[in-house]
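S.K.: any chance you could fold what I've pasted below:
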Amino acid sequence: MADYLGMIDKELLVAVSNDFDYLEATKDFIGMRFFPMVKTENMKLAVIQLTEKGKVPVMALIHALDTEARIGDRPNPEGVNYELFLIKEKLNQGEALKKLLLNGMMNPDKQEALRRIFDDAANLISRVLTRIEAMACEVLSTAKLTIAENNVAKVVDYGLPATHRMAVNGWSNPTTNILADLVDIQTRAKNKIVRAVMTSKIMGYLQKNTGLNSLAATLGVIASVKFVKEYISQQLGIEIIVYDGSYRLSALNDTEYYFLNEDVVTFLTTDEVLGRTFLTYTPEEDAGIIDRLEGFVAVTQYSTPDPVATWTKASAIAFPCPADIYQMYILTVGA
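M.R.: The predicted model follows:
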């Protein structure tokens, strides 16, 4: 009977995994858009980038005829090593659930409901991808990664200069001149900012702002999200992206947390990706014991004899890394 139940579990795993739609599961994940995933063979990354001043062009000098050319110099690159993080979670199908699953497989009327409830493979893949999205969004909001969970404590600072961090107060006050603040930020970035990423909380400040409402009124419209986006795009050349994605820490807890910091606007000087999320081979892949690989997430299943149980586990080793940290300006908005 144990072998037969194991076969049922394998069939369920394959069916569920085949039904898992990776693109659908991640289509709203903005962090993965800015840091798309790519596979590497390395557990550690060696990142080298120029300093901000190193990107300003150096001028050659005029020489008299018949003189030797000046010997140029090279910029000093900044180098840092990063280590990828292991993300994993598992779920257990014990003896009682096995009986329920077995009955469901025998009764077609119950099969779909059972698969939705005990869709362990898809649930675990989603949880791992959600953690990757959370890391990417933390980098987007803070230019840092702070890991403090499950006995892992580490802070990764990507080296955003202090001149790229700003703070303003009073945006919740409708009379604050938010447009002047945006002009100041664009000026600081030498008019290179093309995108701004924020949550609906800060978009709400913009919609309630009397200056923007007055401008909207002259056009006979209200300060809708559409108006605010179009006006700032036309006047300042900045595309606003609003993202309210959220996650929970437990299936038994309804508390939601935003992926992005609600009080931060991240300004970007590029309309392309910011970097990559690097992933490498999991221990299960190295050992050749995975049952399925979905979107760089490895899914494995194994059994224990007493009590009879089947475990499904999903894992990935990932690390989001900006290609050019100087493309980011982070504004903290106080009330």
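S.K.: for the longest strand seen in the chain, the distance to its chain's centre please.
M.R.: Longest strand in the chain, counting residues (DSSP state E): strand 308-322. Put simply, strand 308-322 sits 16 Å off its chain's centre (CA atoms, centre = their mean, to the nearest Å).
S.K.: again with stretch 186-195
M.R.: 23 Å.
S.K.: start to end distance for it?
M.R.: Using CA to CA, to the nearest Å, one end of stretch 186-195 lies 11 Å from the other.
S.K.: next, the buried residues of it.
M.R.: Within stretch 186-195, the residues scored as buried using 16 or more other CB atoms under 10 Å are 186, 189, 193, 194, 195. (C-beta placed from N, C-alpha, C; glycine too.)
S.K.: do stretch 140-157 as well
M.R.: Going by 16+ other CB under 10 Å, stretch 140-157 has these buried residues: 140, 141, 142, 143, 145, 156.
S.K.: quick check, nearest of those to residue 279?
M.R.: residue 145 (15.2 Å; CB to CB).
S.K.: look up which residues are beta-bridged to the closest one.
M.R.: Legend: beta-bridge partners of residue 145 under DSSP bridges are residue 156.
S.K.: that one reaches residue 134, doesn't it?
M.R.: No: using CB atoms under 8 Å, residue 145 is not in contact with residue 134, being 9.9 Å away.
S.K.: so how far is stretch 167-177 from its chain's centroid?
M.R.: Its chain's C-alpha centre and that of stretch 167-177 lie 28 Å apart, by CA atoms, centre = their mean.
S.K.: could you do stretch 208-223 as well?
M.R.: Between the centre of stretch 208-223 and the centre of its host chain there is 33 Å, according to CA atoms, centre = their mean.
S.K.: so what touches it?
M.R.: Residues outside stretch 208-223 that contact it (CB atoms under 8 Å, 6 or more residues apart in numbering) are 171, 174-179, 206-207, 224, 227-228, 231.
S.K.: buried subset of those residues as a PyMOL selection?
M.R.: Entered in PyMOL, the line below selects the buried ones among the contacts of stretch 208-223, by 16+ other CB under 10 Å:
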select buried, resi 171+176+178+179+206+207+227+228+231
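S.K.: in its sheet, what does the helix or strand hosting residue 331 sit against?
M.R.: Taking DSSP states H and E as the criterion, residue 331 maps to strand 328-333. If you go by DSSP bridges, strand 328-333 pairs up with strand 165-168 (parallel), strand 264-268 (antiparallel).
S.K.: point out where the stretch 51-200 of the chain drops to low pLDDT.
M.R.: Along the stretch 51-200 of the chain, segments meeting pLDDT under 70 span 51-55, 75-79, 94-118.
S.K.: strands of that one, start to end?
M.R.: Along the stretch 51-200 of the chain, counting by DSSP state E, counting those that start in this stretch, strands occupy 78-83, 85-93, 144-149, 152-157, 165-168, 195-198.
S.K.: so residue 153 is in contact with residue 147, correct?
M.R.: Yes: with contact defined as CB under 8 Å, residue 153 counts as touching residue 147 (6.6 Å).
S.K.: tell me the phi and psi of the most far-flung residue of the chain relative to its centre?
M.R.: Within the chain, residue 66 marks the point farthest from the mean C-alpha position, 57.2 Å out by CA atoms, centre = their mean. For residue 66, the backbone dihedrals (degrees, to the nearest 10) come out as phi 70, psi 30.
S.K.: how close does it sit to residue 132?
M.R.: 61 Å (CB to CB, to the nearest Å).
S.K.: then residue 28?
M.R.: Residue 28 is 14 Å from residue 132, by CB to CB.
S.K.: where along the stretch 201-335 of the chain do the helices fall?
M.R.: Taking DSSP state H, counting those that start in this stretch, the helices of the stretch 201-335 of the chain run over residues 210-218, 225-236, 283-287.
S.K.: now mean pLDDT and distance to residue 314 too, for the ones you listed, in a markdown table please.
M.R.: Shown next, in a markdown table, are the helices of the stretch 201-335 of the chain (pLDDT from 0 to 100; distance: least, CB to CB, whole Å):
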| stretch | mean pLDDT | distance to residue 314 |
| --- | --- | --- |
| helix 210-218 | 96 | 45 |
| helix 225-236 | 97 | 36 |
| helix 283-287 | 90 | 10 |
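S.K.: and the ones you listed: which comes nearest residue 199?
M.R.: Closest approach to residue 199 among the helices of the stretch 201-335 of the chain is made by helix 225-236 (12.2 Å; CB to CB).
S.K.: if we can go back for a sec, looking at the strands of the stretch 51-200 of the chain, spot the one closest to residue 252.
M.R.: Residue 252 lies closest, by CB to CB, to one member of the strands of the stretch 51-200 of the chain: strand 85-93, at 12.8 Å.
S.K.: partners of that closest one in the sheet?
M.R.: Neighbouring strands of strand 85-93 in its sheet, by DSSP bridges, are strand 308-322 (antiparallel).
S.K.: tilt between the strand it pairs with and strand 144-149?
M.R.: Orientation of strand 308-322 against strand 144-149 (axes from the mean of the first three to the mean of the last three CA atoms, to 10 degrees) gives an angle of 160 degrees.
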